[in-house]
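Undergrad: No sequence on hand, only this structure:
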(Lines give C-alpha, C1' and ligand atoms only; values in the text may rest on other atoms or scores of the structure.)
Protein backbone atom coordinates (compact mmCIF):
# COMPACT_ATOMS: atom_id res chain seq x y z
CA UNK A 1 0.00 0.00 0.00
CA UNK A 2 1.28 3.46 -1.00
CA UNK A 3 1.99 5.98 1.74
CA UNK A 4 -0.69 8.35 0.41
CA UNK A 5 -3.31 5.68 -0.18
CA UNK A 6 -5.73 4.53 2.50
CA UNK A 7 -7.39 1.14 2.77
CA UNK A 8 -10.39 2.21 0.66
CA UNK A 9 -8.18 2.85 -2.37
CA UNK A 10 -8.41 6.64 -2.10
CA UNK A 11 -5.19 8.15 -3.42
CA UNK A 12 -4.51 11.43 -1.65
CA UNK A 13 -1.72 12.36 -4.05
CA UNK A 14 -4.00 12.00 -7.09
CA UNK A 15 -6.69 13.96 -5.30
CA UNK A 16 -4.26 16.80 -4.53
CA UNK A 17 -2.96 16.85 -8.10
CA UNK A 18 -6.49 16.98 -9.52
CA UNK A 19 -7.43 19.69 -7.07
CA UNK A 20 -4.33 21.68 -8.02
CA UNK A 21 -5.08 21.35 -11.73
CA UNK A 22 -8.67 22.50 -11.23
CA UNK A 23 -7.52 25.48 -9.19
CA UNK A 24 -4.90 26.37 -11.78
CA UNK A 25 -7.49 26.15 -14.56
CA UNK A 26 -9.90 28.33 -12.57
CA UNK A 27 -7.19 30.93 -11.97
CA UNK A 28 -6.14 30.94 -15.62
CA UNK A 29 -9.75 31.41 -16.69
CA UNK A 30 -10.09 34.28 -14.24
CA UNK A 31 -6.88 35.81 -15.57
CA UNK A 32 -8.21 35.55 -19.12
CA UNK A 33 -11.48 37.19 -18.03
CA UNK A 34 -9.55 40.10 -16.53
CA UNK A 35 -7.45 40.50 -19.67
CA UNK A 36 -10.64 40.62 -21.75
CA UNK A 37 -12.13 43.19 -19.39
CA UNK A 38 -9.02 45.34 -19.66
CA UNK A 39 -9.28 45.24 -23.45
CA UNK A 40 -13.02 46.02 -23.40
CA UNK A 41 -12.57 48.86 -20.92
CA UNK A 42 -9.81 50.36 -23.06
CA UNK A 43 -12.03 50.18 -26.16
CA UNK A 44 -14.92 51.85 -24.31
CA UNK A 45 -12.56 54.51 -22.97
CA UNK A 46 -11.22 55.21 -26.47
CA UNK A 47 -14.74 55.48 -27.93
CA UNK A 48 -15.90 57.78 -25.17
CA UNK A 49 -12.81 59.92 -25.44
CA UNK A 50 -13.24 60.21 -29.22
CA UNK A 51 -16.87 61.28 -28.82
CA UNK A 52 -16.01 63.88 -26.19
CA UNK A 53 -13.08 65.18 -28.20
CA UNK A 54 -15.24 65.46 -31.31
CA UNK A 55 -17.91 67.37 -29.38
CA UNK A 56 -15.23 69.59 -27.86
CA UNK A 57 -13.78 70.39 -31.29
CA UNK A 58 -17.25 71.20 -32.60
CA UNK A 59 -17.90 73.56 -29.68
CA UNK A 60 -14.52 75.26 -30.21
CA UNK A 61 -15.33 75.72 -33.90
CA UNK A 62 -18.71 77.21 -33.02
CA UNK A 63 -17.07 79.51 -30.50
CA UNK A 64 -14.61 80.72 -33.12
CA UNK A 65 -17.51 81.43 -35.47
CA UNK A 66 -19.35 83.30 -32.73
CA UNK A 67 -16.27 85.37 -31.97
CA UNK A 68 -16.12 86.37 -35.61
CA UNK A 69 -19.83 87.23 -35.54
CA UNK A 70 -19.44 89.02 -32.19
CA UNK A 71 -17.40 91.72 -33.80
CA UNK A 72 -20.22 92.23 -36.24
CA UNK A 73 -22.75 92.73 -33.39
CA UNK A 74 -23.85 89.20 -32.37
CA UNK A 75 -24.80 88.14 -28.85
CA UNK A 76 -22.21 87.71 -26.14
CA UNK A 77 -24.59 85.29 -24.39
CA UNK A 78 -24.02 82.64 -27.07
CA UNK A 79 -20.27 82.99 -26.64
CA UNK A 80 -20.57 82.50 -22.88
CA UNK A 81 -22.74 79.42 -23.41
CA UNK A 82 -20.18 77.93 -25.77
CA UNK A 83 -17.39 78.63 -23.29
CA UNK A 84 -19.43 76.81 -20.66
CA UNK A 85 -19.92 73.84 -23.00
CA UNK A 86 -16.20 73.70 -23.71
CA UNK A 87 -15.36 73.76 -20.02
CA UNK A 88 -17.89 70.96 -19.46
CA UNK A 89 -16.32 68.86 -22.23
CA UNK A 90 -12.88 69.31 -20.67
CA UNK A 91 -14.32 68.27 -17.30
CA UNK A 92 -15.98 65.19 -18.83
CA UNK A 93 -12.73 64.20 -20.54
CA UNK A 94 -10.84 64.51 -17.24
CA UNK A 95 -13.51 62.42 -15.48
CA UNK A 96 -13.41 59.78 -18.21
CA UNK A 97 -9.63 59.52 -17.95
CA UNK A 98 -9.79 59.29 -14.16
CA UNK A 99 -12.52 56.66 -14.28
CA UNK A 100 -10.56 54.63 -16.82
CA UNK A 101 -7.40 54.87 -14.74
CA UNK A 102 -9.22 53.75 -11.55
CA UNK A 103 -10.94 50.87 -13.32
CA UNK A 104 -7.69 49.77 -14.90
CA UNK A 105 -5.90 49.88 -11.54
CA UNK A 106 -8.60 47.72 -9.94
CA UNK A 107 -8.38 45.14 -12.72
CA UNK A 108 -4.58 45.17 -12.67
CA UNK A 109 -4.70 44.54 -8.91
CA UNK A 110 -6.97 41.53 -9.47
CA UNK A 111 -4.62 40.35 -12.20
CA UNK A 112 -1.59 40.57 -9.90
CA UNK A 113 -3.44 38.65 -7.18
CA UNK A 114 -4.30 35.86 -9.61
CA UNK A 115 -0.75 35.70 -10.90
CA UNK A 116 0.48 35.49 -7.31
CA UNK A 117 -1.97 32.63 -6.64
CA UNK A 118 -0.77 30.84 -9.77
CA UNK A 119 2.83 31.20 -8.62
CA UNK A 120 1.92 29.80 -5.20
CA UNK A 121 0.14 26.91 -6.87
CA UNK A 122 3.20 26.18 -9.02
CA UNK A 123 5.41 26.25 -5.93
CA UNK A 124 3.05 23.85 -4.19
CA UNK A 125 3.20 21.55 -7.23
CA UNK A 126 6.99 21.66 -7.11
CA UNK A 127 6.98 20.69 -3.43
CA UNK A 128 4.50 17.87 -4.00
CA UNK A 129 6.66 16.56 -6.86
CA UNK A 130 9.55 16.27 -4.42
CA UNK A 131 7.43 14.14 -2.09
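TA: Here it is on my side, so go on. None of these values were measured; they are calculated from a predicted model.
Undergrad: Sketch out the low-pLDDT regions of the protein for me.
TA: Counting by pLDDT under 70, the chain has low-confidence residues at 1-9, 70-74, 127-131.
Undergrad: For it, which segments count as helices?
TA: With helices called from DSSP state H, the chain shows them at 12-70, 76-130.
Undergrad: export the ones you listed to CSV and tack on mean neighbour count?
TA: To be clear about C-beta, it is placed using only N, CA and C from the backbone, and glycine gets the same treatment. CSV is the format used below for the helices of the chain (neighbours: other Cβ atoms under 10 Å):
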stretch, mean neighbour count
helix 12-70, 14
helix 76-130, 13
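Undergrad: Settle this for me: residue 52 is touching residue 89, isn't it.
TA: Yes: contact criterion Cβ atoms under 8 Å: residue 52 and residue 89 qualify, at 5.8 Å.
Undergrad: pretty sure residue 96 contacts residue 50?
TA: No: assessed by Cβ under 8 Å, residue 96 is found out of contact with residue 50, at 10.6 Å.
Undergrad: Now the common contact residues for those two.
TA: Common neighbours of residue 96 and residue 50 (criterion: Cβ atoms under 8 Å, 6 or more residues apart in numbering): none identified.
Undergrad: Any figure for the gap between residue 47 and residue 41?
TA: Distance, residue 47 to residue 41, by Cβ to Cβ, to the nearest Å: 11 Å.
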